[in-house]
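**Student:** Structure for the following, please:
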Amino acid sequence: MTRRTFSFEPDGLPRRERRRRRREQHHQDRAAAAPRTSRRERGLPEAAVPGPFGPGLTQGGYWNLAPVHVPPHQATSQHIAGIYPFVADAGLGHRGPIVGVDLNADALWHFSPWETYADSTDRGSFSTNVLVLGAYRAGKSAVIKTLVTRSMAFGHQTVVPSDPKGEWVAVAEAIPGGNVIRLGGAYDTRLNPLDRGPRRTGVTNEQHEQMVKQRRITVLTSLVGAALPGSHLTAVEHAALLEALERCIRTTDDHPTLRGVHAELTGLTREVEEDRHLAQGAIQPSFVLRRFVSGDLSGLFEDESTVSFDDAAPIVVVDTSELFARGDLVAQLSQICTTAWNQAVISDRGAHRTRYVIREEGWRDMTSLASLQMYQQWLKLSRHYGISNIVILHKMGDLDAVGEADSQERNLAYSIAGDIENKFIFRINQQEGASIHLRLAIPSAHVTMARQLRKGEFLAYVGQFSYLVDAFATSTPWEYDLFKTDDAMELDSRYDDEFRTLDGPVLESLWPGDSTYGDTSAGPSGGDASVDGWLTPKELQ
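**Tutor:** All right, here's what the predicted structure looks like:
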């Protein structure tokens with residue numbers, strides 16, 4: 001290391017004095033300098049055995065053919081950042097609830113879709129929707145429950161339009177003020193998907209009527225389209241539905257129901273002389289709505305609502321788990337009705353509320369072209385209404401149940417999933433790697449990592465950045481027990497006490513005698529019938 005000395009001289013010294021001072025300073029610098037050494041002296045110490053070959057390999061030594069030279073490590077700043085622990089990603093900041101621990105930065109990971117949307121930096125996102133994808137038992141539902149429950153402290157509410165497994169019911173019941181609406185089974189609860197809903201704040205009467213009309217038409221066309229697999233509503237059938245709805249509105253004083261629309265459609269089928277084409281177009285929709293009035297969907301959506309949506313509740317869950325016994329199509333149609341009933345309330349932008357809308361089994365909302373278009377519209381309008389749609393899928397293959405191969409429905413379903421900017425990728429199956437790499441543009445290295453994730457770990461893609469998060473690292477025992485959904489797969493603890501070690505007196509009381517010899521007090525050798533007698537060889541007794 002170079003050493004420099006600075007000397008300060010007073011002004012006005014003669015030249016001879018200045019030269020003398022400089023000579024003295026030079027002698028002092030040379031005396032303080034380290035003695036010069038040769039390159040050989042600065043190298044490694046000499047070998048224990050002189051000579052070019054040293055003690056040789058046979059004696060566990062080494063060769064002295066050349067001095068050891070360790071070159072300095074050279075790398076780019078991108079790669080060298082992996083060596084130093086303090087060179088780590090800054091994360092999303094500290095706004096929003098804590099979701100877990102960022103394993104790359106070893107720091108708490110906060111996430112709020114509304115905060116990331118409001119972030120104008122490179123870490124911000126352009127959407128509030130979240131796609132959650134992962135295999136069974138990867139921890140998807142538990143992580144989302146953790147996110148939404150912790151978000152309640154920030155003023156965010158949660159709506160589950162359809163809970164097909166009933167796993168959100170326990171969460172809603174554990175939260176003060178939570179609202180649970182149960183459908184099917186022994187419950188006589190009814191929801192009318194054609195309800196007007198609350199009036200939106202700041203709209204005129206004409207705008208409000210137009211919104212209500214469009215929502216009712218969309219629900220009817222989605223229901224009929226979903227119940228007609230492989231076919232679409234024709235222009236005549238659509239016109240017949242619209243005519244029946246308008247008649248029902250007039251006859252019920254603006255309280256239409258599916259039962260009333262079915263009655264009007266049935267009446268249209270008899271008006272062949274007035275309008276033959278309209279009468280023919282009302283036949284198919286009439287048979288579809290007949291399922292809601294007197295078929296396998298009766299008792300759920302055909303009449304006026306018996307419950308109301310509590311818009312002040314921190315969480316509202318519509319439990320549809322009892323409907324699975326009625327078939328898969330019943331669950332799909334029910335999800336359309338419950339979603340439309342909930343969205344009539346949560347679409348009030350003037351209320352200034354922010355809500356999570358949890359779409360469990362998200363592919364069930366994509367059963368037909370009409371429902372897909374409604375689904376896409378709600379995803380696009382989520383920012384407008386302050387909503388964060390969380391779409392949960394087990395795999396991208398779930399969308400193969402939508403339409404035929406290369407059909408418009410399936411392509412639209414894949415497009416909807418791919419357009420969701422924020423993604424939580426949990427552990428995936430081996431065969432799922434190529435699909436998410438192709439459909440979601442996930443890098444190959446991340447696909448390999450996703451196959452090795454543990455339960456509760458996920459890859460989070462927010463905007464242009466990605467994070468590796470462990471959500472269960474910050475979970476409390478109360479949260480973990482409340483949010484886990486695999487209780488039915490746990491071993492029953494009532495059998496634990498059947499396999500225990502018995503002490504001597506207890507074992508003696510349970511040990512049988514030998515009834516073979518007619519004497520229960522005798523063992524197999526006619527001797528001691530105790531435990532020791534049974535275990536002692538005959539020749540030693």
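
**Student:** which residues does the residue nearest the centre of the chain bridge with?
**Tutor:** Geometric centre of the chain, nearest residue: Val132, 3.7 Å, by Cα atoms, centre = their mean. Taking DSSP bridges, one obtains Ile392, Phe424 as the residues bridged to Val132.

**Student:** all helices of the stretch 351-500 of the chain, in order?
**Tutor:** Here the stretch 351-500 of the chain has its helices, by DSSP state H, counting those that start in this stretch, at 369-380, 382-385, 408-419, 433-439, 444-450, 477-483.

**Student:** Figure out which of these is closest to Ala153.
**Tutor:** Nearest of the helices of the stretch 351-500 of the chain to Ala153, taken as Cβ to Cβ: helix 477-483 at 13.5 Å. Where you see a C-beta, it was placed from the backbone N, CA and C, and this is true even at glycine.

**Student:** How about Glu304, nearest residue that isn't a chain neighbour?
**Tutor:** If the residues on either side of it in the chain are set aside, Glu304 comes closest to Asn192, at 5.4 Å by Cβ to Cβ, 6 or more residues apart in numbering.

**Student:** hmm, I was thinking of Arg290
**Tutor:** His262 (6.2 Å).

**Student:** That neighbour touches Ala282, doesn't it?
**Tutor:** No. With contacts counted by Cβ atoms under 8 Å, His262 stays clear of Ala282, the gap being 10.1 Å.

**Student:** These two - which one has more neighbours?
**Tutor:** Neighbour count, other Cβ atoms under 10 Å: between His262 and Ala282, Ala282 has more, with 26 against 23.

**Student:** Now whichever strand or helix holds Glu17: buried residues?
**Tutor:** Secondary structure assigned from DSSP states H and E places Glu17 in helix 15-32. Across helix 15-32, burial judged by 16 or more other Cβ atoms under 10 Å covers no residue at all.

**Student:** got it, and stretch 99-118?
**Tutor:** Buried residues in stretch 99-118, defined by neighbour count with 16+ other Cβ under 10 Å: 99-102, 109-117.

**Student:** One more: stretch 233-250?
**Tutor:** Those would be 233, 236-241, 243-249, for stretch 233-250 by 16+ other Cβ under 10 Å.

**Student:** just checking, which of those belong to strands?
**Tutor:** Per DSSP state E, strands hold no members of those.

**Student:** Filter those residues down to just the ones in helices.
**Tutor:** Taking DSSP state H, the ones among those that sit in helices are 236-241, 243-249.

**Student:** Please list all residues in contact with the closest residue to Ile442 other than its chain neighbours.
**Tutor:** Excluding its sequence neighbours, the residue lying closest to Ile442 (Cβ to Cβ, 6+ apart) is Ile436, at 4.9 Å. Counting by Cβ atoms under 8 Å, 6 or more residues apart in numbering, Ile436 makes contact with 133, 396, 425, 428, 442, 447, 450.

**Student:** and the gap between Ile436 and Tyr414?
**Tutor:** As judged by Cβ to Cβ, to the nearest Å, Ile436 and Tyr414 stand 11 Å apart.

**Student:** Which neighbours do those two have in common?
**Tutor:** When contacts are counted by Cβ under 8 Å, 6+ apart, Ile436 and Tyr414 are jointly contacted by Met396.

**Student:** circling back to that earlier point, now the buried residues of stretch 99-118 as JSON lines including pLDDT?
**Tutor:** Converted to JSON lines, the buried residues of stretch 99-118 look like this (pLDDT from 0 to 100):
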{"residue": "Val99", "pLDDT": "92"}
{"residue": "Gly100", "pLDDT": "92"}
{"residue": "Val101", "pLDDT": "92"}
{"residue": "Asp102", "pLDDT": "91"}
{"residue": "Trp109", "pLDDT": "92"}
{"residue": "His110", "pLDDT": "93"}
{"residue": "Phe111", "pLDDT": "93"}
{"residue": "Ser112", "pLDDT": "93"}
{"residue": "Pro113", "pLDDT": "92"}
{"residue": "Trp114", "pLDDT": "92"}
{"residue": "Glu115", "pLDDT": "91"}
{"residue": "Thr116", "pLDDT": "90"}
{"residue": "Tyr117", "pLDDT": "89"}
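
**Student:** May I ask which two of the residues you listed are separated the most?
**Tutor:** Farthest-apart pair in the buried residues of stretch 99-118 is Val101 and Tyr117; separation 23.5 Å (Cβ to Cβ).

**Student:** quick check, distance from stretch 377-392 to the centre of its chain.
**Tutor:** Distance, stretch centre to chain centre, for stretch 377-392: 16 Å (Cα atoms, centre = their mean, to the nearest Å).

**Student:** Show me what counts as buried in it.
**Tutor:** Residues 378-379, 382-383, 385-392 are the ones in stretch 377-392 that count as buried (16+ other Cβ under 10 Å).

**Student:** how long is it end to end?
**Tutor:** Start-to-end span of stretch 377-392 (Cα to Cα, to the nearest Å) is 18 Å.

**Student:** Excluding sequence neighbours, find me the nearest residue to Ser141.
**Tutor:** Counting by Cβ to Cβ, 6+ apart, Ser141 lies nearest to Thr485, which is 5.4 Å off, once chain neighbours are set aside.

**Student:** residues contacting the residue lying closest to Leu13 once chain neighbours are set aside?
**Tutor:** Take Leu13 and drop its neighbours on the chain: the residue closest to it by Cβ to Cβ, 6+ apart is Arg21, 7.8 Å away. Residues near Arg21 by Cβ under 8 Å, 6+ apart: 7, 9, 13.

**Student:** all helices of the stretch 1-150 of the chain, in order?
**Tutor:** Going by DSSP H, counting those that start in this stretch, the stretch 1-150 of the chain shows helices at 15-32, 39-42, 77-80, 113-118, 140-151.

**Student:** And those, which one averages the lowest pLDDT?
**Tutor:** In terms of average pLDDT, helix 39-42 trails the rest of these, at a mean of 63.

**Student:** burial of the closest residue to Lys145 other than its chain neighbours, as a residue count?
**Tutor:** Spatial nearest neighbour of Lys145, excluding adjacent residues (Cβ to Cβ, 6+ apart): Phe483 at 4.4 Å. If you count neighbours by other Cβ under 10 Å, Phe483 ends up with 22.

**Student:** Touching, Gly139 and Gly456? I think so.
**Tutor:** Yes. Using Cβ under 8 Å, Gly139 makes contact with Gly456 at a distance of 4.1 Å.

**Student:** tell me, what's touching the two both at once?
**Tutor:** Common neighbours of Gly139 and Gly456 (criterion: Cβ under 8 Å, 6+ apart): 471-472.

**Student:** so where is the stretch 251-400 of the chain shaky, pLDDT-wise?
**Tutor:** 325-328, 344-345, 347-351, 362-371, 374 (pLDDT under 70).
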